[in-house]
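>>> Would you be able to build a 3D model of this:
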Amino acid sequence: MSLDERRWDEDDSAVYRRMAAVAVPARAEQIAVVVALLPFGRDDAFRVIELGSGEGALSAAILGCYPRSEVSALDGSVSMREQTQARLARFGRRARVGPFRLEELTGPEGGRLDAMEGAGAVVSSLCIHHLDGAGKKRLFEGVCLRLAPGGALLMADVVEPVRPEAAEVYAATWDRATEEQALALDGSAGRFDDFVEQRWNLYRHPDPEVDKPSPVADQLRWLVGAGFEAVDCFWLRAGHAVLGGYKPGPVRSGAPVGFEEALACAHAELEGSSG
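Below is the predicted model of the structure:
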C-alpha cells in the first residue's frame, strides 16, 4: 500500500482546504518567492511541472504572471484535482491537471520523472517532505537530469531543525503565525483552535511515518551533488523554507517578474479560497 493510500484521504484534503489559509505561514509570500525565482522573463515560453498542486494556487500564480507559460499540475487527491481544474480553467490549454504518486518519482527506474523531460522548472509546495532523505536525493538527481538547461527546481516545504532549541523556535513561531493569520482572517481564534486540535504543528506532534523533513544544509548539499548551481535557502519562516537551485545553462534575457508583481498574483489567487 502506498503512502497516499495509507496516510491521506479525501477527508484530509477537506481539512487542508479549510486550514491552509491560516496554517501555512505567509502563504502568499511563499508562492510569490517561488514565482519570482523562476529563471524566465515575463514573456518567455516555458513549461512547469508542479508536484502536489493542492488547490492550484501556485500553478495559477505562475500562469497569471507568465502569459506564455504552460503548467502541468499534479496531485494525488481527486478532490484537490477538481479544485485545481476549476481554478485553472480560464487558462485553457496552457494548464493541465493530472494524478501522481510521490513514490513513483523515486523508484529504481525513475518512474514518472520522464514526464519532466525538457521542463523549464519543477516546483512544489508542502510535498517533498513526505520523502525521506534518500528519496529526496534521488528526486533531485532525476529532476536535474531531465530539466532543460537553465531550468530550476524550487520547493516550498517544512524543514527539519538540527537542535532542540530550533525545534521549539519552529513550533512556537508556527503557532504564532497561525494564530495571527486566523485573527486577521475573521477576527476569531477559531481556526487556530482547530489547528491545535488537529495536531497540525508537526514540530509539536511529529509523525515520522508520513512527515520526513530534512535539514536545510542536507538538502542544499544534495542539490549541489545532483548538479544544481546557485543553490540556496531563499526564504525561511516558522520551519517553512523555500529551497532550490538551477541547472547550468543560458541566463534569462527577458524582463523578470519581480517579487511585488508575483505577490500581487499570489494574493489574487488566494482571494476567495479561504472561506
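>>> Going by C-alpha atoms from here, please, whenever you check contacts or count neighbours.
OK.
>>> Is it correct that Arg101 is in contact with Gly76?
Yes: if you go by CA atoms under 8 Å, Arg101 and Gly76 touch, sitting 5.9 Å apart.
>>> Pretty sure Phe234 sits in a strand.
Yes: the assignment for Phe234 by DSSP: H, G, I helix; E, B strand; the rest coil puts it in a strand.
>>> Tell me the spacing between Gly190 and Val159.
27 Å (CA to CA, to the nearest Å).
>>> Same drill for those two, tell me which one is more crowded.
Remark: of Gly190 and Val159, Val159 carries more neighbours, 24 against 13, as counted by other CA atoms under 10 Å.
>>> Identify the residue spatially nearest to that one, adjacent ones excluded.
Pro213 (4.9 Å; CA to CA, 6 or more residues apart in numbering).
>>> quick one: contacts for that neighbour?
Counting by CA atoms under 8 Å, 6 or more residues apart in numbering, Pro213 touches His129, His130, Leu131, Asp132, Val158, Val159, Glu160.
>>> Mind putting those into a markdown table with secondary structure and distance to Arg47?
Putting the contacts of Pro213 into a markdown table (DSSP: H, G, I helix; E, B strand; the rest coil; distance: CA to CA, whole Å) gives the following:
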| residue | secondary structure | distance to Arg47 |
| --- | --- | --- |
| His129 | helix | 24 |
| His130 | helix | 25 |
| Leu131 | coil | 24 |
| Asp132 | coil | 27 |
| Val158 | strand | 25 |
| Val159 | coil | 27 |
| Glu160 | coil | 30 |
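>>> now, which of the residues you listed sits nearest Cys233?
Val159 (10.7 Å; CA to CA).
>>> Contacts only, for the closest one.
By CA under 8 Å, 6+ apart, the neighbours of Val159 are His129, Pro213, Ser214, Pro215, Val216, Gly239, His240, Ala241.
>>> Check which helices and strands the helix or strand Val196 falls within sits against.
Here Val196 sits within helix 190-197, counting by DSSP states H and E. Judged by 3 or more CA pairs under 8 Å, 6 or more residues apart in numbering; DSSP states H and E, helix 190-197 is in contact with helix 10-23, helix 164-186.
>>> what do you get if the cut-off is 6 Å, keeping everything else the same?
helix 164-186 (3 or more CA pairs under 6 Å, 6 or more residues apart in numbering; DSSP states H and E).
>>> who's in contact with the helix it packs on?
Helix 164-186 is contacted from outside by Val22, Ala23, Pro25, Pro161, Ala189, Arg191, Phe192, Tyr203, Ala238, Gly239, using CA atoms under 6 Å, 6 or more residues apart in numbering.
>>> What is the three-state secondary structure of the nearest residue to Asp44 once chain neighbours are set aside?
Counting by CA to CA, 6+ apart, Arg68 is the residue found nearest to Asp44 once chain neighbours are left out, at 6.1 Å. At Arg68 the chain is in coil, as set by three-state DSSP.
>>> how much space between Arg68 and Leu74?
20 Å.
>>> Could you do Ala119 as well?
Noted for Ala119: a distance of 14 Å to Leu74, by CA to CA.
>>> Pick out whichever of these two has more residues nearby.
Leu74 (25 against 21).
>>> which SSE is that one in?
In this structure, Leu74 sits in strand 70-75 according to DSSP H and E.
>>> Alpha carbons only: can I get that strand in PDB?
Presented in PDB, the C-alpha positions along strand 70-75 are these (Å, rounded to 0.1, in the frame of the first residue of the first chain):
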ATOM      1  CA  GLU A  70       2.300  26.100 -19.500                       C
ATOM      2  CA  VAL A  71       1.800  24.200 -16.300                       C
ATOM      3  CA  SER A  72       1.100  20.600 -15.500                       C
ATOM      4  CA  ALA A  73      -0.400  20.500 -12.000                       C
ATOM      5  CA  LEU A  74      -0.100  17.000 -10.400                       C
ATOM      6  CA  ASP A  75      -1.800  15.900  -7.200                       C
END
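>>> other SSEs contacting that strand?
Counting by 3+ CA pairs under 6 Å, 6+ apart, strand 70-75 packs on strand 47-51, strand 95-99.
>>> mind redoing it with 10 Å?
Judged by 3 or more CA pairs under 10 Å, 6 or more residues apart in numbering; DSSP states H and E, the packing partners of strand 70-75 are strand 47-51, helix 57-65, helix 78-88, strand 95-99, strand 121-125.
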